[in-house]
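> pasting the structure only:
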C-alpha cells in the first residue's frame, strides 16, 4: 500500500516554483487514506482522501480510487467534474456501502488559480486559514449528487496543507 502513494521528494525538481511533501502513517497495518499528484500542461493535479472502514477492504478501495483519480484527471480539467465521474463510477459498483471523503485540486502554475472540489473531506488550510469548502457528499454516498466546485488564488509563498481525519482524531503524539 505504501508503494501506491508518492514517495519521491521533491517530486518535480525541475519546477522550482512548487514544493511538495506528503506522508502517510497508517494506524493499522493497512488502511484507506490516500494522496496523489501529478503535472499536466503546467497544472498540478492533486487529491487526498479517506476510504470508510479499515483493513484490507479499505486498502483495496484506496487503490481503486487512486487509479480512478488519475484516469478521470486525464480526461478533465475541472475538479468537480473529476469527483462527479468518480462518484458515478463508485456508486455503480458500490454494493458494500463504502464511501470516500476526498479533496481534489487543480493548481494552474502559471496563474495561481486553484480549482477545487471537496467531497466531505476535512477543509485544507491555505497559509494557516481554513479554505472555504462547499458541503458536498462523500464519493459513493449518493448517486447523482451535484458536486459543486470552487476557485481561489494561491500566491507565491502560500502553503496549502491537506490532511485526513487521522490528524484531527489523533489521541496522542
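Now that the structure is in, tell me what you want to look at. Owing to the predicted nature of the structure, the values given are computational and were not obtained by experimental measurement. Residues are numbered from 1 along each chain as shown.
> quick check, residue 35 in a strand?
Yes - under DSSP: H, G, I helix; E, B strand; the rest coil, residue 35 falls within a strand.
> how about it: what's its closest non-neighbour residue?
residue 48 (4.4 Å; Cβ to Cβ, 6 or more residues apart in numbering). No exception for glycine: its C-beta is placed from N, CA and C like everyone else's.
> okay, and the beta partners of that neighbour?
With DSSP bridges as the criterion, residue 48 is bridged to residue 35, residue 103.
> tell me the pLDDT at residue 80?
Looking at residue 80, its pLDDT reads 98.
> also residue 132?
97.
> could you measure from it over to residue 72?
24 Å (Cβ to Cβ, to the nearest Å).
> neighbour-wise, which of those two wins?
Remark: of residue 132 and residue 72, residue 72 carries more neighbours, 20 against 11, as counted by other Cβ atoms under 10 Å.
> list the contacts of that one.
81, 82, 85, 86 (Cβ atoms under 8 Å, 6 or more residues apart in numbering).
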